[in-house]
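Peer 1: Predicted model, plus sequence, below.
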Amino acid sequence: MFLRRLLPDNFTLTLLAVVLAATLLPARGQAATIFEWITNLAIALLFFMHGAKLSRQAILAGAGHWRLHLLVFACTFVLFPLLGLALRPLLEPLLGTELFMGMLYLCALPATVQSAIAFTSLARGNIPSAICSAAASSLLGIFVTPLLVALLMGVEGDSGSTLDAIGKISLQLLLPFVLGQIAQRWIGGWVNQNKSWMKYVDQSSILLVVYTAFSAAVIGGLWQQVPLTTLLAVTFACCLLLALALLLTHLLGKWLGFSLEDRITILFCGSKKSLATGVPMAQVLFASSSIGMLILPLMLFHQIQLMTCAALARRYAGAQESASHGAVPVLVRAR
């Protein structure tokens with residue numbers, strides 16, 4: 001049963017199928033242009049729905065815990081970039097410059113929203129704070145990620161200006177989100193009643209971006225540049241980065257005297273990176289031909305973080321269940 005939970009989920013398998021489709025049948029010429037338009041519309045719809053779904057009351061309920069939020073933001077936008085730079089002497093020779101740039105891009109991204117909240121809930125952490133922190137991280141990333149990309153990678157978007165990149169991202173991601181928040185009073189109830197349907201909008205937009213990006217990358221010779229040994233090296237790099245992030249977020253929460261509930265929230269919100277935000281942002285920040293190589297580490301990191309955090313969340317939940325029945329397990333005792 002435990003091994004079964006570590007297997008890739010249906011979405012990850014679909015993601016792999018899309019990469020295979022882009023490898024065998026990449027979109028070219030007019031078809032590629034049409035896919036780009038459809039992709040941009042799907043991304044706008046995705047963030048509009050996020051805005052309509054996210055409850056302002058839930059955000060306000062967790063907004064007062066400023067120490068926790070500051071630590072999560074510091075882990076997301078300071079700790080990760082520092083780890084990326086610290087690992088440069090090891091990872092750049094191992095991966096090559098372009099894939100290492102993908103690792104740095106991964107380090108600059110905001111936290112994921114849905115899975116951070118879901119794992120915090122499963123592990124019995126501070127759910128209102130997780131909602132607030134993950135949502136704020138996602139919105140803050142619209143402005144902070146392009147600045148970090150310019151700082152870490154020397155990339156300033158297609159137009160050559162970080163401010164232009166922020167403007168493009170705001171127009172493509174933030175504006176639909178704000179419009180969704182405005183429309184929430186009319187459609188919020190319907191959106192929340194159809195959450196199971198909404199996840200397909202989320203996943204479809206990511207799949208479209210991945211197909212478009214990998215089509216351009218395959219035409220540019222991606223798989224000639226990335227053999228199996230390099231894929232294994234990227235997997236190792238992602239595992240190392242995640243292990244360090246999990247260890248440091250756990251230790252920081254403990255050293256700063258947070259409660260167990262808050263430490264769980266810090267662990268799951270401060271150690272995760274968003275595929276749903278990272279892939280659309282890459283579309284704005286980088287040239288189409290280079291996106292496939294740059295988001296490859298992000299796609300691998302996404303699956304690794306899901307499998308690892310699922311196991312950790314179940315361990316925390318099991319530890320607290322044991323504690324409620326009189327046992328004192330290691331995870332709960334270490335306060």
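Peer 2: Thanks, I have it.

Peer 1: For the residue lying closest to Arg88 once chain neighbours are set aside, give me its contacts.
Peer 2: Setting aside the residues directly before and after it, Arg88 is nearest to Phe100 in space (Cβ to Cβ, 6 or more residues apart in numbering), at 7.1 Å. All C-beta spots, glycine's among them, are computed from the backbone N, C-alpha and C. By Cβ atoms under 8 Å, 6 or more residues apart in numbering, the contact set of Phe100 is 88, 91-92.

Peer 1: By neighbours, which of the residues you listed wins?
Peer 2: For those, the largest number of neighbours (other Cβ atoms under 10 Å) sits with Leu91, at 22 neighbours.

Peer 1: can you tell me the helix or strand for that residue?
Peer 2: Assessed by DSSP states H and E, Leu91 sits inside helix 88-95.

Peer 1: repeat for Tyr211
Peer 2: Tyr211 is located in helix 195-219, with elements delineated by DSSP H and E.

Peer 1: buried stuff in that helix?
Peer 2: Using 16 or more other Cβ atoms under 10 Å as the test for burial, helix 195-219 gives 198, 202-219.

Peer 1: what stretches of the stretch 151-300 of the chain score poorly on pLDDT?
Peer 2: Applying pLDDT under 70 to the stretch 151-300 of the chain flags the ranges 155-166, 169, 195, 198-199, 202, 206, 222, 288-289.

Peer 1: Okay, helices next: where are they in it?
Peer 2: 162-169, 175-193, 195-219, 222-225, 228-255, 260-270, 275-285, 288-324 (DSSP state H, counting those that start in this stretch).

Peer 1: Let me know which of those is tucked in deepest.
Peer 2: helix 260-270 (a mean of 27; mean count of other Cβ atoms under 10 Å).

Peer 1: just how off-centre is it within its chain?
Peer 2: For helix 260-270, the gap between its own C-alpha mean and the chain's C-alpha mean amounts to 16 Å (Cα atoms, centre = their mean, to the nearest Å).

Peer 1: So which residues make contact with that helix?
Peer 2: Applying Cβ under 8 Å, 6+ apart, the contact partners of helix 260-270 are 65, 68, 71-72, 75-76, 79, 111, 116, 119-120, 123-126, 129-130, 133-134, 137, 245-246, 249-250, 252-254, 258, 309, 312-313, 316, 332, 335.

Peer 1: how big is the angle separating that helix from helix 288-324?
Peer 2: 170 degrees (axes from the mean of the first three to the mean of the last three Cα atoms, to 10 degrees).

Peer 1: and helix 260-270, C-alpha only, in CSV?
Peer 2: What follows is helix 260-270, C-alpha atoms only, in CSV (Å, rounded to 0.1, in the frame of the first residue of the first chain):
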residue,chain,number,x,y,z
LEU,A,260,3.7,21.7,16.0
GLU,A,261,0.7,22.8,13.9
ASP,A,262,2.7,25.9,12.7
ARG,A,263,5.8,23.8,12.0
ILE,A,264,3.8,21.5,9.8
THR,A,265,2.5,24.5,7.9
ILE,A,266,6.0,26.0,7.5
LEU,A,267,7.3,22.6,6.3
PHE,A,268,4.7,22.1,3.6
CYS,A,269,4.3,25.7,2.5
GLY,A,270,8.0,26.7,2.6
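
Peer 1: Much appreciated, bye for now.
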